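1. my questions concern the predicted model and sequence given below.
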Amino acid sequence: MLMLQVNGGLWNHSAVTANMDSSEKVATATASIAPCFVDDILAVLREDIGREGELANSSLSLFGMCSGSDPSPSVLLKLSEEVRRNQRTGPEPEVLHPSAAHVSVAEAEGGVVLTFDLQSSTLLKLDSVLLLVFDSLVTGRNLDLTFISRSLQPQQQSVCVSEQTQYILLTGRPSTDDSLQKWRIHASTKSFINKEALNNLFGGGNNISVTPLLLFSAQTGISSRPTPVSSSSLQTSFLCELKRFLDSFVPQVAVASPPVQLDTLHSLPPLRLDSSSSEALLSGMINSSTVTIFSFKNWGPVSPAQHGELSLSAALLEELRQRLGETSVQLMQMIQEENVSDRAMERLQRLRELSELQKKAATECIFIVCTCSSASAPKRRCVYYDSPRNHQYTQAGRVSGSVQVCEATSCCVGFFWMMDGQQKVDLQACDMHEHSCPDMHCKPQPRFNKMIKCVCKTDFCNSNISWISEDEEAVGSPDGTMRTTIAVVSVVLLFLMVCFWTAAKRGRSFYQHTRENPSSSCDVSVNPQCSCQEANQSIIDHSLIELQQVVGRGRFATVFQGKYKGSAVAVKCFPGGQEEKFRAEKEVYELPLMKNAGIVLFLGSGTKPHDTSFFIVMQFAEHGSLHSFLSQHSISWTSAFNMCLSLSQGLSYLHSDLQHNGVHKPSVAHRDLSSSNVLLRADFSCVLCDFEGSAVLRSCVGRQWGRSHTQNFQGGPEVGTLCYMSPELLERAVNLTSSSFMLQGDVYALALILWEVWMRCSHLFQDADVPQHLLPFELELGPNPSWEHLIHHVCFMNQRPSIPPPWDVLPEGCEMKRILTDCWDSDADARLTASCVVNCLMSLQSSNT
Ligand SMILES: Nc1ncnc2c1ncn2[C@@H]1O[C@H](COP(=O)(O)OP(=O)(O)OP(=O)(O)O)[C@@H](O)[C@H]1O
C-alpha cells in the first residue's frame, strides 16, 4: 500500500520515504503553505468568471469539471460570484485545512482512497467545497474519475481531469456535529489502463503534490460573523496580488533602466522589481515605515519595473496621492490601448484598491505610480522591406522608410532567398500572423525553393538571418571543415537520439514509417538526374477477381469492392475511353519504392478482354474516403492527430526524391489532393489514392514528366478539385509546369484537408458542439462554388477557411492554426513543405506527451 501523509500543507512528495520491503510508504509533509496559496485560489475564482457571470470552458477544465456532471458548474459559479462580490471589503470564504491527509491504494476495489483529518470546527456543519489543489497543471492523459464518499454530497461525483486541470472540486456534506472528523474518499477510474495514471496523479512520481482545502461560503450561515479586514491580511493580499501582477504583466526582460526620476523627492537608488523578487523583499517593503513607490515606467514589451523607497514630507505625500489618482487613469488607458486583457486591468484595479485600503488600515502607505503618464508605450520596431506579393504586411503597422512600427504584434518576420550562398531579402515586416515568437534572434525555418523564413521578438531582429547553406558548409576552410564535421556529428547524434527517443515513444508504427521514409529533410528538391526505372509490373488476370458492390464513382472511373486471392480489394475500373487516365495512374503506382504506409497498396492492373476496359487492383480501405468518414463522424484528438500525421507523412513520402539500394524514386506531385482522394484504413490511418492527374517530376529523354498531363493545363481546372486549388493555380498566375508550384499546390490542399479533420475534432471545440463536416469554403460559397467566386474569395479577398475561436485557447489549437496558416500562405514559396508539416506535427505531439 502506498500512503502519503500531509499535515495541513502541501503534500510534499519529495519527502516520501520509500520502504521497499513494505508495501506502504509514509510521507510527512511540510506544514508550510506559501502565503499566497489561498489568495491565489481566490484570485482564480474571482477571475475565471466572466463579466456576465458565465463560466468559460477553460474554467471547467481548470477545476476538473465534466460538463453536465455533479457537482454542477453552478457550485463553482456560486463560489466565484461570492469571491468576486466580496473582493473589496466583504468576507472571503472561510478556509479549513485538513490537519492531515493520506492517500492509499485501494487494493480490493481498485483506485485510491484519500483520507483527510479535520479538526473540530463549527464550519463543519455547513455546506463546503473540497478543493484538491495540484502544484501545477496536470500533465499526461485525460482521466475520468469517480469519487465516492459519505462525506460528499452527492455521495458519488465525477471529475474529468485534463491537461488544463489544476484543481479538483468536490462538494462536501454538512456534518451533524462539529467534532473532529475523518473524511474517506474513494477515487477510481472506469478504465483499467488509467489506473496507473490515477496512482501517479495522487501518489505516484516525486514531483506531484496536491493540497486539500475546504472552502465554506461566507453566505451559508456564517455571514453574521464579523468580517474585519485586518491590516495583516490586507498586506498579504496586496503582496500576493502584486506578485501575480508582476508575474503576468510586467515584462521579465532585464533591461538597464534609468532610476525613478522624481526631481523634488529625495530618492534612494531604485531596485528592480519583478516576479523573481522574493516575497521577503516585498513583505519588507510593505512593512517598511517609508513610502514605497512602484513605478511602472514605459509600459511595453521591453519596459522594466522599478521601485524606489522615498522619505516624504506630508505635503509630498499628498501630492503623490493625487498623482496616483491621475496616473492610474492614464495607466488604465494605456493598458487598453496596448490591448492588455481585461484581467490585467482587473488586477491593477484590485492592486490599487488594496493599496488604498492598506493606506487606511495601517500606517504604511503604498502607491502605484506610473511615471510615464504622457509617453506612449514603445512598440516593436521591425526592418521593413515590402515585396509585391505580400501587401498584407503593410497593414501590420506604420511604415516609415525601412522601419515598421508594429500595431498588434511584437514579432518581426523576414523572408530571405538563399542564392549561391547569398541572402536576398524577399520581405521584412511586422508579422501580423504570428502572435507568439519566442526567439530573440532570427532563427531560420526552411521553406520551398531555398526560401528561409524567420520570426523573432526583438527590435529589428529581422534585419538578417544567420544561415549557412549546405553548399557553403561543404567548402569550408580546414578549421571550418573541422567545425562543420563536429557540428554535423553533433547534429547527427542529436538527430539519432531524437529519432530513437521519438521512435521509442511512438512505437512500431513510427519506426516502420522511418524505415520506409528515409527522407526527413525539410527541403524538397527534385533530383535532376534522369531516372526512368519502373518497378516490376504486375498483370492481374481479370477472371481471378470477384467484383462485389460499387464503393465509389469518380469522374473517370468506378471503384468496386472485390475479392482477389481471398483478400478484400478495391478494383478501379476505367471505361475504354479513359485509357490515358488508367495509364497515368498505373505509371505512378508502378514507380519504384512506391510501397509506403501512406500510399494505398497497389496490387496490379489489367484489361478486361471483352469490353477493352481497364482496371487497377489495390488494397481495400475499410473506412472508405476521409470525406465520407468525416461526414458521418466527429473524432477524438488522438484520432485526428493520427489521421493528420499519417496523411502528411504519405504526402511527404510522395514528394520525396529517393535513392535506395540503387533504385530511384522520383518526386511525385499529386495535383488532385482532396478529402475524397484520401482513404482510411482499418486502423484509421490515411493513405493517398487517385494518381491519375499526378505528375512524376523527373527528366528523362523522351519521357519528360508531365508530358502526358500538360494538356490538362490548357483549358481550365480539369486537374484538381476546384475548392482545393491554391490561389496561384486558380489564377493560373504561375508556370503551371513548374515542379515546385505543383508541390506547393499539394501543400495548400493538404492544409485544407487538415482543417477539415481538425474541424471534426471534439477536443478542439471543448464542450461546444462539433460542427457538421463542411468542405473548404462550403460555408462561405456553398457546396459547388464557381471558378469566379473562388478566385474572388481566395485570391482577391485572400480568405481562408475560418478557424473557430476555441482553438485559440488551447496550445495545440494555436499550433494547428500556425501550421495551417503556414501551409495555405498566399505566397507559395513561403509555405511549409510536406516534410516540415510532419516535423511540426511530431513536435506538437512530443510537447503534448
Ligand atoms: N482502395 C479503396 N478502398 C476503398 N474505397 C476506395 C478505394 N479507392 C477508391 N475508393 C472509393 O472510390 C472513390 C473514388 O475513387 P477515385 O478517387 O480513385 O476515383 P476517380 O474516378 O479517380 O475519382 P475523381 O473524380 O476524384 O478523379 C473514393 O473517393 C473512395 O470512396
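-> The structure has been received and is ready for your questions.
2. secondary structure class for Asn642?
-> helix (DSSP: H, G, I helix; E, B strand; the rest coil).
3. which ones are touching it?
-> Phe684, Ser685 (Cβ atoms under 8 Å, 6 or more residues apart in numbering). In short, each C-beta sits where N, CA and C put it, glycine included.
4. pLDDT score for it?
-> With respect to pLDDT, Asn642 has a value of 95.
5. so where do the strands sit in the stretch 601-750 of the chain?
-> Applying DSSP state E, counting those that start in this stretch to the stretch 601-750 of the chain gives strands spanning 602-607, 614-619, 658-660, 663-665, 667-669, 678-680, 686-688, 695-697.
6. can you pull the phi/psi pair for the closest residue to the ligand within the stretch 201-350 of the chain?
-> For the stretch 201-350 of the chain, the nearest residue to the ligand under the criterion Cβ to the nearest ligand atom is Leu201, separated by 42.2 Å. Listed backbone geometry of Leu201 is phi -60, psi -40, with angles given as degrees, to the nearest 10.
7. my guess is it meets Leu132, correct?
-> No: using Cβ atoms under 8 Å, Leu201 is not in contact with Leu132; the gap is 9.7 Å.
8. which residues do those two both contact?
-> With Cβ under 8 Å, 6+ apart, Leu201 and Leu132 have common neighbours Val210.
9. what's the next secondary structure element after the helix or strand where His789 lies?
-> Here His789 sits within helix 787-790, counting by DSSP states H and E. Sequence order places helix 811-823 as the next helix or strand after helix 787-790, per DSSP H and E.
10. quick check: what element follows that following helix along the chain?
-> Following helix 811-823 in sequence, per DSSP H and E, is helix 834-848.
11. quick one: that following helix to helix 811-823, angle?
-> In terms of direction (axes from the mean of the first three to the mean of the last three Cα atoms, to 10 degrees), helix 834-848 departs from helix 811-823 by 170 degrees.
12. residue ranges with poor pLDDT in the stretch 651-800 of the chain?
-> In the predicted model, the stretch 651-800 of the chain carries pLDDT under 70 at residues 699-720, 733-737, 767.
13. any chance of the strands of the stretch 601-750 of the chain in a markdown table, plus distance to the ligand and mean neighbour count?
-> Listed next are the strands of the stretch 601-750 of the chain as a markdown table, based on distance: least, Cβ to the nearest ligand atom, whole Å; neighbours: other Cβ atoms under 10 Å:
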| stretch | distance to the ligand | mean neighbour count |
| --- | --- | --- |
| strand 602-607 | 10 | 20 |
| strand 614-619 | 5 | 22 |
| strand 658-660 | 24 | 14 |
| strand 663-665 | 21 | 18 |
| strand 667-669 | 15 | 26 |
| strand 678-680 | 5 | 27 |
| strand 686-688 | 8 | 24 |
| strand 695-697 | 15 | 24 |
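14. for Ser625, which of those strands is the nearest?
-> strand 678-680 (5.9 Å; Cβ to Cβ).
15. tell me which residues are up against that closest one.
-> Counting by Cβ under 8 Å, 6+ apart, 600, 621-627, 629, 643, 647, 686-689, 753 sit against strand 678-680.
16. interface residues of the protein facing the ligand?
-> Within the chain, the positions near the ligand by Cβ under 6 Å from any ligand atom are 551-552, 554-557, 559, 570, 572, 600, 618, 620-621, 624-625, 676-677, 679, 689-690, 692.
17. can you select the buried ones among those residues for me in PyMOL?
-> PyMOL command restricting the residues of the chain next to the ligand to the buried ones, with burial defined by 16 or more other Cβ atoms under 10 Å:
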select buried, resi 551+552+556+557+559+570+572+600+618+620+621+624+625+676+677+679+689+690+692
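18. tell me how many other residues crowd the residue nearest to Gln164 when sequence neighbours are not counted.
-> Excluding the flanking residues, the one nearest Gln164 by Cβ to Cβ, 6 or more residues apart in numbering is Ser61, at 3.8 Å. Residues lying near Ser61 (other Cβ atoms under 10 Å) number 25.
19. my guess is Ser61 meets Gln166, correct?
-> No: counting by Cβ under 8 Å, Gln166 is not a contact partner of Ser61; they are 9.2 Å apart.
20. let me know the pLDDT of the residue nearest to Gln164.
-> 80.
21. doesn't it belong to a helix?
-> Yes: Ser61 forms part of a helix when assessed by three-state DSSP.
22. contact partners for it?
-> Applying Cβ under 8 Å, 6+ apart, the residues near Ser61 are Cys160, Ser162, Gln164, Thr165, Gln766.
23. contact partners of the helix or strand containing the first one?
-> Using DSSP H and E, the secondary-structure element containing Cys160 is strand 156-161. Under the criterion Cβ under 8 Å, 6+ apart, residues 61, 64-66, 69-71, 138, 142-148, 168-171, 201 lie in contact with strand 156-161.
24. which of the residues you listed fall in helices?
-> Ser61, Leu201 (DSSP state H).
25. out of the contacts of strand 156-161, which sit inside strands?
-> Leu143, Asp144, Leu145, Thr146, Phe147, Ile148, Ile168, Leu169, Leu170, Thr171 (DSSP state E).
26. got a ChimeraX select line for the buried ones in the residues you listed?
-> The following ChimeraX line selects those of these that are buried, judged by 16+ other Cβ under 10 Å:
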select :143,144,145,147,148,168,169,170,171
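27. now render the ones in strands among the contacts of strand 156-161 as a markdown table, adding pLDDT.
-> Formatted as a markdown table, these follow (pLDDT from 0 to 100):
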| residue | pLDDT |
| --- | --- |
| Leu143 | 83 |
| Asp144 | 85 |
| Leu145 | 88 |
| Thr146 | 90 |
| Phe147 | 90 |
| Ile148 | 92 |
| Ile168 | 88 |
| Leu169 | 86 |
| Leu170 | 89 |
| Thr171 | 88 |
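28. which one of the ones in strands among the contacts of strand 156-161 is nearest the ligand?
-> Asp144 (34.6 Å).
29. I figured the closest one hits Ser188, correct?
-> No: taking contacts as Cβ under 8 Å, Asp144 lies outside contact range of Ser188: 10.0 Å.
30. pull the number of nearby residues for Ala834.
-> The burial count for Ala834: 27, using other Cβ under 10 Å.
31. need the contact list for it.
-> Residues near Ala834 by Cβ under 8 Å, 6+ apart: Val524, Ser648, Leu651, Ser652, Leu654, His655, Leu743, Asp746, Val747, Leu750.
32. show me where the stretch 351-500 of the chain has its helices.
-> Under the criterion DSSP state H, counting those that start in this stretch, helices of the stretch 351-500 of the chain are mapped to 470-474, 478-506.
33. those: lowest mean pLDDT?
-> helix 478-506 (a mean of 30).
34. and the gap between Phe574 and Gln549?
-> To Gln549, Phe574 is 18 Å away according to Cβ to Cβ, to the nearest Å.
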